[in-house]
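Chemist: Just a sequence and a predicted model for now, questions to come.
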Amino acid sequence: MSELLDSAARVCSVTYDVAELTVRSIRHLDETIRRHTLLFKQFYEVGNRSLWVVTVFGAFIGLILVLYGGDQLRRFGQERYIGLTGLAIIWEFGPVFTAFILAGRVGSAYAAEIGTMKVYDEIDALRVMGVSPEAYLVTPRLVACVVMTPALVVIADLCALVAGSFMAWVFVRVAPNQFFQVLFQHLTTQHMTRSLVKSAFFGGIIAVTGCYHGFTTTGGAEGVGRSTTQSVVHSLLAIGVADYFIGRLLLAL
Amino acid sequence: MIKVSDLVAGYGDNIVLDGVNLDVESHEILVIMGQSGCGKSTLLRHIIGLNRPISGTVEIDGTDITRMDEAGYRAFCRSMGVLFQTGGLFNSMTVGDNVAFPLREHTRLAEPVIEIVVRLKLDQVGLRGVEKQMPSELSGGMRKRAGLARALALDPQTLFLDEPTTGLDPIIAAGIDELILRLHRQYGATMVVVAHDRASCMRIADRIAIFRDSALVEVGTPDEIQSSDNEYVKQLLERRPPEEDGGTSTSSYVSGEATA
């Protein structure tokens, strides 16, 4: 029981520290605009470098969802509604799976990069040169993830829908125009806005969690490895929990 | 002038410095010596404002840096240069960009001017033509020199050097000592140096402060320290191992007595 309480206290403490780091980083937004080169570099790192993996992964998510969905609908003779799988892609699969990819690709890189800087006194060097490490390292990464995650989700959604419509045509003989007709009958702007808002939150979680674990790295190469792993695990957990609560909140609005 | 008063510092429940009082006069080179773990680097970290003390004050030119806000600390950082034990160079930047970093952050100098200053600073520490190289391509001694060039970029009034010669061979270490003395003559900066090497300390120091077990045990000129009656100071300078206290001595293992 005491172990459980200790774990709960640790989770609360880490959550508080991450929230504090987020607030401190947001306060330095003006410095990020001044150091726009760093911001553009992060846009490139998060956006361009993740493009291929998000595209391919999105396409396969579309294929597999329509494959299983089509199989179930065919049993009831309702194949013409296969386009509704597109709603699942836009509401949930696009944002969550893109966030998972970015947690593994970008969040872990942040933890490793900042963790290595910590081990080699580079963070202290920034401080004694009068530069806030939060402003220099976290804020550009936070802004880049918050902006680029929704952009990547849109691309993942498009790829999933195109691949899904192709699978619907091959597997259950529903033409792409029918697939998209059913989808757009039920899809609203509100659904798309919810998806993008959620994605932006996920981007923020990935950036801050990765940076937090970088800053708390101790103990050399082993510590960097541990921080990287923890960053991915904690990001995935946080995305899962945030997905539920943000979903509830956005539905209530 | 740096004035450390009743400084108590530590990590969690572990007290590393217990009531330290130390003054560093303007334009002098003070060398801090002591065994590993006695609190030398912790003292340095508190003097440069990286850590907040449990109690006590650190005043630099009359301003208590332990109570500075972020803006005040940023302004204070412009007047000091720090060389870390590892060099502290940014591994993702070239050597030139490392030296240019404080200039780009704190001045409005045009890029061509910054390039000239970078070449000048690297030249002062004996590094030429390395602007485009990455820190990983430099040797240990060159990294320390490059770190020193970056510390000098804003012409600081105070320089803090954490073990500048540790891990270097005696010839390179002697070169760094000469460099420190030359820079001191050129800039007239106050310098606080954490060091282990006796020869290096005696060569560069105006005064030496010796620490033991969280406390300052002796401060004086190199001559005063060398003629000290303090047993620990003698032991440190003469590189004598600690007294055996009941355990099996190393010599007994060598002679075979311990296994007999």
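Modeler: On my side now, so go ahead. Residues are numbered from 1 along each chain as shown, chains lettered A, B, ... in the order given.
Chemist: Let me see the contact set for the residue nearest to residue A:129 when sequence neighbours are not counted.
Modeler: Setting aside the residues directly before and after it, residue A:129 is nearest to residue B:102 in space (C-beta to C-beta, 6 or more residues apart in numbering or on different chains), at 5.0 Å. Glycine gets a C-beta too; all of them are placed from N, C-alpha and C. Contact analysis of residue B:102 by C-beta atoms under 8 Å, 6 or more residues apart in numbering or on different chains lists A:129-130, B:150, B:153-154.
Chemist: And the pLDDT for residue 222?
Modeler: This is for chain A. pLDDT, the model's per-residue confidence, is 91 for residue A:222.
Chemist: right idea, wrong chain: chain B
Modeler: pLDDT, residue B:222: 92.
Chemist: ok, now residue B:70?
Modeler: Looking at residue B:70, the pLDDT reads 83.
Chemist: residues near it, how many?
Modeler: Other residues near residue B:70 come to 10 when the count uses other C-beta atoms under 10 Å in any protein chain shown.
Chemist: Ok, the one 4 residues further on next?
Modeler: By the other C-beta under 10 Å criterion, the neighbourhood of residue B:74 contains 17 residues.
Chemist: quick revisit: may I ask which of the contacts of residue B:102 has the most neighbours?
Modeler: In terms of neighbour count, residue B:150 stands highest of those at 30 neighbours, by other C-beta under 10 Å.
Chemist: mind listing the strands in the stretch 51-200 of chain B by residue range?
Modeler: Secondary structure of the stretch 51-200 of chain B (DSSP state E, counting those that start in this stretch): strands located at B:55-60, B:63-64, B:80-83, B:158-162, B:190-194.
Chemist: next one: chain A
Modeler: In order along the chain, chain A carries no strands (DSSP state E).
Chemist: Chain B contacts on that one?
Modeler: Where proximity means C-beta under 8 Å from any C-beta of the partner chain, the interface of chain A facing chain B comprises A:113, A:116-117, A:120-122, A:124-125, A:127-132.
Chemist: Can you say which of the strands of the stretch 51-200 of chain B is nearest to chain A?
Modeler: strand B:80-83 (4.5 Å; C-beta to the nearest C-beta).
Chemist: mind checking how far the closest one is from the chain centre?
Modeler: Per C-alpha atoms, centre = their mean, to the nearest Å, the displacement of strand B:80-83 from the mean C-alpha position of its chain is 9 Å.
Chemist: Alpha carbons of that strand, in PDB - could you do that?
Modeler: Taking Å, rounded to 0.1, in the frame of the first residue of the first chain, the C-alpha atoms of strand B:80-83 are listed here in PDB:
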ATOM      1  CA  MET B  80      32.000  36.600 -15.900                       C
ATOM      2  CA  GLY B  81      33.500  33.800 -17.900                       C
ATOM      3  CA  VAL B  82      33.400  30.200 -16.800                       C
ATOM      4  CA  LEU B  83      35.500  27.200 -18.000                       C
END
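Chemist: Who are the packing partners of that strand?
Modeler: Helices and strands touching strand B:80-83, as assessed by 3 or more C-beta pairs under 8 Å, 6 or more residues apart in numbering or on different chains; DSSP states H and E, comprise helix A:122-128, helix B:140-151, strand B:158-162.
Chemist: now what about the last one, what contacts it?
Modeler: Contacts of strand B:158-162 from elsewhere in the structure, counted by C-beta under 8 Å, 6+ apart, are B:2, B:41, B:44, B:47-48, B:60, B:79-85, B:148, B:151-152, B:180, B:183, B:187, B:189-194.
Chemist: at 6 Å what do you get?
Modeler: When contacts are taken as C-beta atoms under 6 Å, 6 or more residues apart in numbering or on different chains, the neighbours of strand B:158-162 outside the stretch itself are B:44, B:48, B:80-85, B:189-194.
Chemist: Fine by me, thanks again.
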